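>>> need a 3D model of the sequence below.
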Amino acid sequence: MSQRSSLFPMVIIGTLFFIFGFVTWLNGSLIPFLKIICELSELEALFVTFAFYIAYTVMALPMSYILERSGYKNGMAIGLGIMVVGALLFIPAAQSASFALFLSALFTLGTGLTILQTASNPYVVHIGPKESAAMRISIMGIINKTAGVVVPLLFTAIIFSDMNAFNHEGLSALEREALASRLITPYIVMALILSALIVLVTYSNIPELILEEESSCDDTRSILHYPRAVLGSMALFFYVGIEVIAGDTIGLFGQHLHVESFTALTSYTMVFMVVGYALGIALIPKYLSQERALVFSALWGIVFVAGVLLSSPESTAVSTLLWGWSGIAVLPDPVTFVALLGLSNALIWPTVWPLALEGLGKQTAKGSALLIMGIAGGALLPLLFGKIAQLSSMQYGYVVGALCYAFILFYAVKGHKISRWS
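Numbers count the residues shown, from 1 in each chain. Presented below is the predicted three-dimensional model:
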């Protein structure tokens, strides 16, 4: 595909990646919000991430079969349609302030995103030279995480601006219903925007992705016979787990440490991710190979997790007093180190995808679905974080990140090179 002919598809897919980020990183603000209006514990509130991300595991393979039959372009429209349903489900959920309905809406949104992610990531990988695939995914990542920067700030300003005026421990039923109803209009707007995107994708001239010529594998074999893809899915499991922990629990952590505007803290993690993606665009592949970028990401992640665990929570209070969290604190406090995890996370997704999909050819749809299933880490590992936080402290919950980065380091050094199980 020529550079000119690939530009328009990249613009469309870039728009979709912005939507991915907008929907996904709203969860970081929803968690402390739903914790208040549904009267949840920290562990219960993290079922927001579970309901959203478990959809990727439950629905990935069914969505891959739909994708094989509908094609990648029509699959994107189908995914957007499912997301419209999920956005509209927020209306009865907000009207009843029912946590079960909120979880159902989040699962439906996650289902729509599953087919969108399964279709769009192979486009970005195969739309140009494989050596620069990580750079292209980094561009998509900047778009995605820019949405992640904007949405917590936007929703904090529009919906959550006066949250500190409420007594979070003793809200009346009427107050909870009033707070919940604030979500109705934004999700109606989201449904309208998603509907417009369905029209745009359906009637655009995005070319269908054809992968037959790259088939270097046996089409009759199960995708589980390819260690590079299987281990890549596991690497993404741990990556998405720590990415969600860094982005979605920082608000809870800030609330626990009495940081003002805690619903906006996800934006700080996303800012560092945008910085990391920008570095990827500048350095890969001219100065840094995809493999080495993955190694450095894992090592820096281990360093920042150590910073979270070893820094004093008292320094967060001092930082809040001095800086008001209008910017990243100068003092080495644990909340800042959580935000810095965004920097170490940025290049993991862009580098794992091309390494894991290499040589799959016609198996790419199933390989992509397998990688998407790894997103289940965003459902399960935050619950492990919540359980550790419940048993000890929220700060020590971040020890989960050490396990995540250790496996990612293994995949970067050895796992992606394994071509057969024996």
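>>> all contacts plus neighbour counts: C-alpha atoms, from now on.
Noted.
>>> tell me which element residue 39 is part of?
Using DSSP states H and E, residue 39 sits within no helix or strand.
>>> that one: what's it in contact with?
Applying CA atoms under 8 Å, 6 or more residues apart in numbering to residue 39 gives no contacts.
>>> tell me the pLDDT of it.
We have a pLDDT of 82 for residue 39.
>>> also residue 69?
82.
>>> just the one 4 residues further on next, same as before
Among the per-residue scores, residue 73 shows a pLDDT of 79.
>>> in this structure it contacts residue 203, no?
No - Residue 73 is not in contact with residue 203 according to CA atoms under 8 Å; the separation is 10.1 Å.
>>> number of nearby residues for residue 154?
14 (other CA atoms under 10 Å).
>>> distance between the helix or strand hosting it and the chain's centre?
Under the criterion of DSSP H and E, residue 154 resides in helix 133-158. Centre-to-centre, helix 133-158 and its host chain are 10 Å apart (CA atoms, centre = their mean, to the nearest Å).
>>> show residues contacting the helix or strand just after it.
Once the chain leaves helix 133-158, the next helix or strand it forms, by DSSP H and E, is helix 173-181. Residues from elsewhere that reach helix 173-181, judged by CA under 8 Å, 6+ apart: 36, 37, 38, 94, 95, 96, 97.
>>> report the two of the residues you listed separated the most.
Farthest apart among these by CA to CA are 36 and 95. That separation is 15.5 Å.
>>> pLDDT score assigned to residue 89?
94.
>>> which stretch of helix or strand covers it?
helix 72-96.
>>> so which bits of that helix are buried?
72-91, 93-95 (16 or more other CA atoms under 10 Å).
>>> also stretch 282-292?
284, 285, 289, 290, 291.
>>> give me the distance from that stretch to the chain's centre.
23 Å.
>>> which outside residues touch that stretch?
Under CA under 8 Å, 6+ apart, the answer for stretch 282-292 is 131, 132, 134, 135, 351, 412, 413.
>>> are any of those buried, and which?
Here, 16+ other CA under 10 Å leaves 131, 132, 134, 135, 351, 412 buried among those.
>>> redo the residues you listed as a markdown table? Include distance to residue 243 and pLDDT.
Formatted as a markdown table, those follow (distance: CA to CA, whole Å; pLDDT from 0 to 100):
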| residue | distance to residue 243 | pLDDT |
| --- | --- | --- |
| 131 | 25 | 71 |
| 132 | 23 | 73 |
| 134 | 18 | 71 |
| 135 | 19 | 75 |
| 351 | 15 | 90 |
| 412 | 17 | 95 |
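>>> what is the nearest of the residues you listed to residue 301?
For the buried ones among the contacts of stretch 282-292, the nearest to residue 301 is residue 412 (13.4 Å; CA to CA).
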